[in-house]
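S.K.: I would like the atomic coordinates for the input below:
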Amino acid sequence: MKNATKKPGGWSAVRQQLAAWEKPALLALLKDLYEAADENRDFIHARCQAGECGGEALEKYRGKIVEQFFPARGDGKLKLGEVRKAIRDYRKATGNLPGTAELLMTYVENGTRFTHEYGDMDERFYDSVESALDELAVLLRGEARGIYPKFRDRLARVEQMADGIGWGFHDFVGDVVGQLEEELGGR
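M.R.: Numbering: from 1, shown residues only. Okay, here's the model as predicted:
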């Protein structure tokens, strides 16, 4: 069996070194990271707005999702991994559950709208959108339970839009939306 020791130069070593740095040196490092890559800049902006329920950071990540389906120019690229990455990155940067739920809903809405407008997609596409809807449902049943009313009408519209879409997609959407309404609707 392999020895499960940590490799040298991992986070522990970096953390130990950074703990000794003065504030100006840490700020300079953050500035360098901020300027080095768009992804770093987005992460830092999101972290600084973590307490806000919306804001610029949320809109930036929402734009990354919409761009994969309905870009300002050309056809959608449908890089679904990029969509999932945007949601993960936002959640990691902010820990903001309402914002994460909003991004998941944006994914489900745009994915459903895309297949509704352009026709049948492949199984991988439907599996990914269903997975996002399932993740949203888990949040709404759990930690983000109180925000279900904000999503109720949007979920109903997605269910309507999914009508007639194959691969069991409409059935899945209908089941999830129906279960959420039954559990959380309270009307």
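
S.K.: Around residue 136, count how many other residues there are.
M.R.: The local packing of residue 136 (other Cβ atoms under 10 Å) involves 24 other residues. In short, each C-beta sits where N, CA and C put it, glycine included.

S.K.: list the contacts for it?
M.R.: When contacts are counted by Cβ atoms under 8 Å, 6 or more residues apart in numbering, residue 136 is found next to 101, 104, 105, 108, 151.

S.K.: looking at these, which has the most residues close by?
M.R.: When neighbours are taken as other Cβ under 10 Å, the top entry among those is residue 104 (27 neighbours).

S.K.: okay but that residue is in contact with residue 135, surely?
M.R.: Yes: using Cβ atoms under 8 Å, residue 104 is in contact with residue 135, at 5.7 Å.

S.K.: Following element in sequence after the strand or helix carrying residue 153, please.
M.R.: When secondary structure is defined by DSSP states H and E, residue 153 falls within helix 148-162. From helix 148-162 onward toward the C-terminus, using DSSP H and E, the following helix or strand is helix 169-180.

S.K.: Helix 148-162 and that next one, what's the angle between them?
M.R.: For helix 169-180 and helix 148-162, the angle between their directions (axes from the mean of the first three to the mean of the last three Cα atoms, to 10 degrees) works out to 160 degrees.

S.K.: which stretches of the protein form helices?
M.R.: In order along the chain, the chain carries the following helices (DSSP state H): 11-19, 23-36, 38-48, 55-69, 80-94, 97-118, 123-141, 148-162, 169-180.

S.K.: Deepest-packed of those helices, please.
M.R.: For those, average neighbour numbers computed from mean count of other Cβ atoms under 10 Å are highest in helix 97-118, which has a mean of 21.

S.K.: Report all helices and strands that it contacts.
M.R.: helix 55-69, helix 80-94, helix 123-141, helix 148-162 (3 or more Cβ pairs under 8 Å, 6 or more residues apart in numbering; DSSP states H and E).

S.K.: would a markdown table of the ones you listed with mean pLDDT and distance to residue 30 be doable?
M.R.: Compiled in a markdown table, those are given as follows (pLDDT from 0 to 100; distance: least, Cβ to Cβ, whole Å):
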| stretch | mean pLDDT | distance to residue 30 |
| --- | --- | --- |
| helix 55-69 | 93 | 16 |
| helix 80-94 | 95 | 14 |
| helix 123-141 | 97 | 30 |
| helix 148-162 | 97 | 34 |
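
S.K.: Reformat these as JSON lines; add distance to residue 18.
M.R.: As requested, those are exported to JSON lines (distance: least, Cβ to Cβ, whole Å):
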{"stretch": "helix 55-69", "distance to residue 18": "24"}
{"stretch": "helix 80-94", "distance to residue 18": "19"}
{"stretch": "helix 123-141", "distance to residue 18": "33"}
{"stretch": "helix 148-162", "distance to residue 18": "39"}
